[in-house]
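Novice: quick check, what structure comes out for this input:
(chains A and B)
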2 protein chains.
Amino acid sequence: MGEFDLIRTFFTRPVRRAALGVGDDCALLAPAPGMQLAISSDMLVEGRHFFADVDPRLLGHKALAVNLSDLAACGARPLAFTLALSLPRADTAWVGAFAQGLLALADAHQCELIGGDTTQGPLNICITVFGEVPAGQALLRSGAQAGDDIYVSGSLGDARLALEALQGRLQLPADVLAATRQRLEAPSPRVALGLALRGIASSALDLSDGLLGDLGHILTQSGVGACIDTRLTSPLLAAAARLPLDQALVRKCTLAGGDDYELCFTAAPALRAQVAAAAQASATPVTRIGSVQAQSGLRLLGADGEELLARFASFDHFSA
Amino acid sequence: MGEFDLIRTFFTRPVRRAALGVGDDCALLAPAPGMQLAISSDMLVEGRHFFADVDPRLLGHKALAVNLSDLAACGARPLAFTLALSLPRADTAWVGAFAQGLLALADAHQCELIGGDTTQGPLNICITVFGEVPAGQALLRSGAQAGDDIYVSGSLGDARLALEALQGRLQLPADVLAATRQRLEAPSPRVALGLALRGIASSALDLSDGLLGDLGHILTQSGVGACIDTRLTSPLLAAAARLPLDQALVRKCTLAGGDDYELCFTAAPALRAQVAAAAQASATPVTRIGSVQAQSGLRLLGADGEELLARFASFDHFSA
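Specialist: This next block holds a predicted model:
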């Protein structure tokens, strides 16, 4: 099957929201009046972001999910995406399953595939996603104020716990492995929460490289510091409540785990009721884990409220 | 040097045209009122689209050029792009040279780098480019009408001739190799011509896989056929006039060469003066090479005006 057949078979569908979709030199897209286009691009590489033998359906899901998570972090509503795919060979069963996982998530978010590229080469998936957000209302990393509360959505560390087990550093009961592996391989982007937090959150980002490192971007770009209470973050690793996990491992997973695809955001204490309402409206749990401080740097409180040294480096694709 | 340092050092520049550039979860972009956003994505893989030892400055140029060529084919004005880059290692000299070539072309077209991703893996470059075009004025593949003239810009086959020489199937004089290699490694996207052809061309696309295969997309999407006169296309391989090249090779290069990044477009015969004026205004030579016909299929006229069999397959990334 040639390149054009592959595109036609799996990736050409009727255009609904774009002015022009797959099949021309460019796709055409126009945000509604008063809207800005939010754009994000993520590249997934075999061996780095996923195992070679991963279920292609899950991989299709995850490739789009990590991009939708960036839209969520900006409070943008998904519109469309492009897919560039480098494949070792035209394996129709693999591509079919990949497309199925990808397009099921796309449909769930009414996010339309409008173009892209396929080529032969080492497996590489690059998605660029487009959302819309009213001009001036995007949630940015730069808006945190001293005194703001710091929140995270959902749970943290599940993906890292699964990774530790899959790489043989840890044994997990089958049901815990299945549940955490689901978080690693098929994360749910927090799009509804991001939309509900417009006008409430003072800053936001999505957690892909680990809480401490990612929160550091908010702090740097906002020119502030923060204090995080690990007594509030540790319970976020749900498996830890059931298993006799070492506290250092729990901290590694929750604070520097990576692949969480939860939102971390800040909001003024006066808006706690609004944050709770946004969480409820989007059916997404949120937990307050600390506060923004004028003094720069990131402070961690331990099990007895003592200050810990923040030695948990973020995951960096070139130095980890 | 870590991922974030690499981004900061080479790819973070002041935002000019976008509402928000590199450094947040998303970039923000808003086309002017009445404008549609034209979007295209291309992925370049080592060994498939370029040699491992290519000058990184030229590679940076070409990676953006092939995307700008897609905007040109739609008559869209470049605005911005995202870059996703997978690199075997953080080689700062290589990345610096790559960024220099990339950003020089970006600056020449006032096309702003607004975001992207870097990761470790086999060398892979994925650029998604954004242009703007007045709503309803984009040049599409689907507008060709029976009776229209068919044109190409610039020259054809240079890149393929260089490839034949670089792969050892042909010897070329040093000056011819240098000139054709420049076309292969640093193509000039025909952005000005694309803009000048708005309202004149009835259809257009850019030639990346070879004239016959690419023209086939116009014919299929417009529901028409065409006749191409090889007496008009053969002189487009400039080197052929100087060298005793085999006519079959000349035809292979001009008709199915690939990597030309010229525009192929159609226009009504009544608009020949306007086509000539657009060519002059954009300082881009154009050549009329045939005509659109109601009868489907692609006919080729040979050196004596006889009909040739069109056996020149397009370059297909999974079957070539």
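
Novice: now A:Ala201: how far from A:Ala267?
Specialist: 5 Å (CB to CB, to the nearest Å). Placement of C-beta: from N, CA and C, glycine included.

Novice: ignore the last one, A:Thr287
Specialist: Distance, A:Thr287 to A:Ala267, by CB to CB: 13 Å.

Novice: same drill for the two, tell me which one is more crowded.
Specialist: With neighbours defined as other CB atoms under 10 Å in any protein chain shown, A:Thr287 and A:Ala267 compare such that A:Ala267 has more, 26 against 17.

Novice: and the more buried one, what is it in contact with?
Specialist: A:Asp148, A:Asp149, A:Tyr151, A:Leu197, A:Ile200, A:Ala201, A:Ser202, A:Gln274, A:Val275 (CB atoms under 8 Å, 6 or more residues apart in numbering or on different chains).

Novice: for these, could you give me CSV that also reports neighbour count, pLDDT and secondary structure?
Specialist: Listed next are the contacts of A:Ala267 as CSV, based on neighbours: other CB atoms under 10 Å in any protein chain shown; pLDDT from 0 to 100; DSSP: H, G, I helix; E, B strand; the rest coil:
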residue, neighbour count, pLDDT, secondary structure
A:Asp148, 25, 98, coil
A:Asp149, 19, 98, strand
A:Tyr151, 24, 98, strand
A:Leu197, 29, 98, coil
A:Ile200, 18, 98, coil
A:Ala201, 28, 98, coil
A:Ser202, 21, 97, coil
A:Gln274, 16, 98, helix
A:Val275, 23, 98, helix
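
Novice: next, count neighbours for A:Leu243.
Specialist: A:Leu243: 17 neighbours (other CB under 10 Å).

Novice: please disregard the earlier target; I meant A:Thr9.
Specialist: Burial measure for A:Thr9: 13 neighbouring residues, criterion other CB under 10 Å.

Novice: that one against A:Ala90, yeah?
Specialist: No - counting by CB atoms under 8 Å, A:Thr9 does not reach A:Ala90; the two are 10.2 Å apart.

Novice: what is in contact with A:Thr287 and A:Ala267 at once?
Specialist: A:Tyr151.

Novice: let me see the ranges of the strands in the stretch 201-320 of chain A.
Specialist: A:203-206, A:225-229, A:263-267, A:286-293, A:297-301, A:307-308 (DSSP state E, counting those that start in this stretch).

Novice: can you list these in CSV and add mean pLDDT?
Specialist: Output for these, formatted as CSV (pLDDT from 0 to 100):
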stretch, mean pLDDT
strand A:203-206, 96
strand A:225-229, 95
strand A:263-267, 98
strand A:286-293, 97
strand A:297-301, 92
strand A:307-308, 84
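
Novice: quick check: next helix or strand after the lengthiest helix in chain A?
Specialist: Counting residues, the longest helix found in chain A (DSSP state H) is helix A:56-74. The helix or strand immediately downstream of helix A:56-74 is strand A:77-87, counting by DSSP states H and E.

Novice: pick out the residue nearest the middle of chain A.
Specialist: A:Tyr261 (2.8 Å; CA atoms, centre = their mean).

Novice: let me see the backbone angles for that one.
Specialist: phi 50, psi 40 (degrees, to the nearest 10).

Novice: how much space separates it from A:Ala239?
Specialist: To A:Ala239, A:Tyr261 is 17 Å away according to CB to CB.

Novice: hmm, back to that, which residues do A:Ala201 and A:Ala267 both contact?
Specialist: Shared contacts of A:Ala201 and A:Ala267, counting by CB under 8 Å, 6+ apart, come down to A:Val275.

Novice: can you count the residues close to the nearest residue to A:Gly257 once chain neighbours are set aside?
Specialist: Nearest non-adjacent residue to A:Gly257, counting by CB to CB, 6 or more residues apart in numbering or on different chains: A:Arg160, 3.2 Å away. Counted with other CB under 10 Å, the neighbours of A:Arg160 add up to 25.
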